[in-house]
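S.K.: Sequence and computational prediction follow.
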Amino acid sequence: MQRPDLIIRGQRVVLPETVAPRSVHIREERIVFVGDYDEVVADCEIVEAGDSVVMPGLVDTHVHINAPGRTEWEGFRSATLAAAAGGVTTLVDMPLNSIPPTTTLAGFKTKLDTARDECFVDVGFWGGVVPGNTAELAPMFAGGVVGFKCFLVPSGVDEFEHVTEQDLREAIPELTRLGALLIVHAELPGSITSGDGGVDYRSFLESRPRAAENEAIELMIRLSREFDTRVHIVHLSSADAIPVLREAQAAGVKITAETCPHYLHFAAEDVPAGATEFKCCPPIRERDNREELWKGLRDGTIGLIVSDHSPCPGEMKVRETGDFMKAWGGIASLQLRLPVVWTEARRRGFTLLDLTRWLCANPARQVGFETRKGSIAVGCDADLVIWNPAAQFPVTASSLYHRHKITPYAGEVLSGVVEQTFLRGRKIIDAPPGHMLLR
Ligand SMILES: [Zn+2]
């Protein structure tokens with residue numbers, strides 16, 4: 001046994017197959033041994049977690065940091081600090097809302113220069129597929145992006161254009177050749193209307209019906225099958241699409257899906273008039289839809305839960321008029337994913353193993369980081385979160401490290417308090433120790 005630099009031990013250590021009393025031995029940033037609780041080494045520093053849960057650091061593969069160019073929306077420092085405070089030790093930044101977007105190799109380099117030395121956690125990057133950038137995909141992938149995102153509807157920013165099926169027919173063969181994952185904002189424009197505007201949430205919800213998602217997902221299943229390319233549906237909201245996804249997966253189509261905490265926690269019926277902090281696209285849907293999403297998680301059709309943290313300056317939420325059609329669509333929740341999901345999951349009988357699969361192991365696997373991230377196992381980076389699943393806390397603006405504090409979770413009382421976060425064996429405290437994770 002190699003002599004460890006640090007041992008973290010507790011009564012409830014979450015391993016890939018079991019939760020048990022264990023000691024986790026760490027040397028030079030990695031886990032070198034997982035022993036019984038009492039297997040410790042004399043004169044080695046020990047962190048005692050007691051009855052708190054010791055879980056792999058969370059992996060969040062859907063985060064909009066918006067820097068450079070729109071750093072006033074978030075930025076790497078505030079985002080990664082919020083991540084660390086929420087038990088997240090790895091996140092993957094989305095290719096849009098920054099200027100330039102990550103749709104060219106030059107744009108990716110600018111992004112890396114912006115992020116370097118600013119990150120409290122480890123950070124990976126998505127590239128983007130936009131009309132006409134097929135020649136940039138191979139250089140970006142060689143440079144280290146984990147895969148590529150596209151939109152099938154306008155993204156909300158002009159510099160990241162959405163693609164048509166025709167554009168995808170050009171890009172996808174290249175993605176197949178590279179073996180790169182395509183992640184898709186799956187709403188098609190055909191069923192989306194401009195809505196009536198105003199403070200009525202129902203009217204906004206009807207402007208982005210389930211059909212827009214369902215049709216987009218059917219298109220992506222078709223393309224994935226035709227080109228034998230790996231496709232992942234981001235932020236699935238319409239539970240109507242679960243049966244077709246399940247069927248496609250069973251037939252061997254390489255298609256996966258994620259959903260987000262807000263779709264699993266809130267319900268359209270409860271969104272107050274003018275409460276634009278609840279606006280996101282696709283929208284939060286009805287209570288019965290929410291319960292179907294939980295069933296999709298239970299049977300594995302939906303494999304992961306990621307934040308889709310998408311903040312903006314408070315004024316862009318136009319809270320003074322409460323007009324849902326004019327407000328920026330996006331929910332800030334990077335720091336709150338663990339307690340939101342745990343609060344809802346425990347009430348439905350799910351376990352810490354389920355939670356770890358959705359929040360840690362499966363997101364790590366999605367982006368190819370599974371040998372280093374998302375599990376407490378020998379050889380993995382010593383990324384760990386210690387948290388108390390029984391403790392509750394109220395969400396207050398002062399407890400959030402996000403740059404902007406506006407969030408629909410404000411005032412909620414959630415279960416699951418993060419106590420300590422370790423990145424590669426170091427407690428995240430004063431210095432930003434994050435690495436750029438290149439594929
Ligand atoms: Zn997003």
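M.R.: Structure received. Residues are numbered from 1 along each chain as shown.
S.K.: which stretches of this protein have low pLDDT?
M.R.: Judged by pLDDT under 70, the chain has its weakly predicted residues at 1, 429-435.
S.K.: Select the longest helix from it.
M.R.: When the chain is parsed with DSSP state H, its longest helix is helix 210-227.
S.K.: residues making contact with that one?
M.R.: With contacts defined as C-beta atoms under 8 Å, 6 or more residues apart in numbering, helix 210-227 is touched by 152-153, 165, 168-169, 172-173, 176, 184, 186-192, 229-231, 233, 236-241, 244-245, 248, 253-255, 282, 285, 289. For every residue, glycine as well, the C-beta is placed using N, CA and C.
S.K.: Now, those that are in helices?
M.R.: Using DSSP H, the members of the contacts of helix 210-227 that fall in helices are 165, 168, 169, 172, 173, 176, 244, 245, 248, 289.
S.K.: Counting neighbours, what do you get for the fifth one?
M.R.: When counting by other C-beta atoms under 10 Å, one arrives at 13 neighbours for residue 173.
S.K.: any idea which of the ones in helices among the contacts of helix 210-227 has the most stuff around it?
M.R.: Within these, most neighbours by other C-beta under 10 Å means residue 172, with 25 neighbours.
S.K.: and the closest residue to that residue other than its chain neighbours, how many residues sit next to it?
M.R.: Distance criterion C-beta to C-beta, 6 or more residues apart in numbering; nearest residue to residue 172, sequence neighbours excluded, is residue 227 at 4.7 Å. Using other C-beta under 10 Å, residue 227 has 19 other residues around it.
S.K.: which residues in the stretch 1-150 of the chain form strands?
M.R.: Along the stretch 1-150 of the chain, counting by DSSP state E, counting those that start in this stretch, strands occupy 6-14, 19-27, 30-36, 45-56, 58-63, 88-93, 122-125, 127-128, 148-151.
S.K.: Minimum distance to residue 81: which of those strands has it?
M.R.: Minimum separation from residue 81 across the strands of the stretch 1-150 of the chain (C-beta to C-beta) falls at strand 88-93, 10.5 Å.
S.K.: So what touches the closest one?
M.R.: 57-65, 79-80, 83, 102, 111, 115, 121-126, 146, 334-335, 337-338, 364, 367, 369, 373-374, 381, 383-385, 421-423, 428, 437.
S.K.: Now a ChimeraX select for only the buried ones of the contacts of helix 210-227.
M.R.: Here is the ChimeraX selection string for the buried members of the contacts of helix 210-227, based on 16 or more other C-beta atoms under 10 Å:
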select :152,153,168,172,176,184,186,187,188,191,192,229,230,231,233,236,237,238,239,240,241,245,248,253,254,255,282,285,289
